[in-house]
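K.L.:
Return atomic coordinates for the entry below.
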Amino acid sequence: MLYNLKRCYTATIGTGTLTIGAAILNDFSDIPDGTTVSYSIMQGSLSAGFDAEVGRGTYSAGTLARDTVLSSTS
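P.N.:
Purely as a prediction, here's the structure:
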């Protein structure tokens, strides 16, 4: 199953499980718990530059556990 682009805020930093915050575009309500999803994370600003990460993780109850980090700038 493919899901349309989901965008949200998160206050989670570091390398652990991400806590999904308020939706920017499309919430996560249509993704069943335990679903493996592709993700992309960006942190920073236009003036200071961005850190980015791309990977695959498991969605469950408002969190995203990183299973495989495919690429990271940090």
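
K.L.:
low-confidence ranges in this protein?
P.N.:
1-2 (pLDDT under 70).

K.L.:
quick one, phi psi at the residue lying farthest from the centre of it?
P.N.:
Distance from the C-alpha centroid of the chain, by Cα atoms, centre = their mean, peaks at residue 47 (22.6 Å). Backbone torsions for residue 47, taken as degrees, to the nearest 10, come to phi -80, psi -30.

K.L.:
Can you tell me how far it is from residue 40?
P.N.:
According to Cβ to Cβ, to the nearest Å, residue 47 and residue 40 sit 21 Å apart. Using the backbone N, CA and C atoms, a C-beta is placed for each residue, glycine as well.

K.L.:
Please apply the same query to residue 18.
P.N.:
12 Å.

K.L.:
So the two - more neighbours on which side?
P.N.:
Shown here are residue 18 and residue 40; by other Cβ atoms under 10 Å, residue 18 has more neighbours (21 against 12).

K.L.:
got the contact list for that one?
P.N.:
Residues touching residue 18, when contacts are defined by Cβ atoms under 8 Å, 6 or more residues apart in numbering, comprise 10, 12, 41, 57, 63-66.

K.L.:
among these, which ones are buried?
P.N.:
41, 57, 63-64, 66 (16 or more other Cβ atoms under 10 Å).

K.L.:
Helices - which of those land there?
P.N.:
Among the buried ones among the contacts of residue 18, none falls in helices (DSSP state H).

K.L.:
Widest-spaced pair of those?
P.N.:
Greatest spatial distance among the buried ones among the contacts of residue 18 (Cβ to Cβ): 41 and 63, at 13.5 Å.

K.L.:
tally of neighbours for residue 8?
P.N.:
Neighbours around residue 8, by other Cβ under 10 Å: 17.

K.L.:
so what's it bridging to?
P.N.:
residue 23 (DSSP bridges).

K.L.:
which stretch of helix or strand covers residue 55?
P.N.:
Here residue 55 is covered by strand 49-60, with elements defined by DSSP states H and E.
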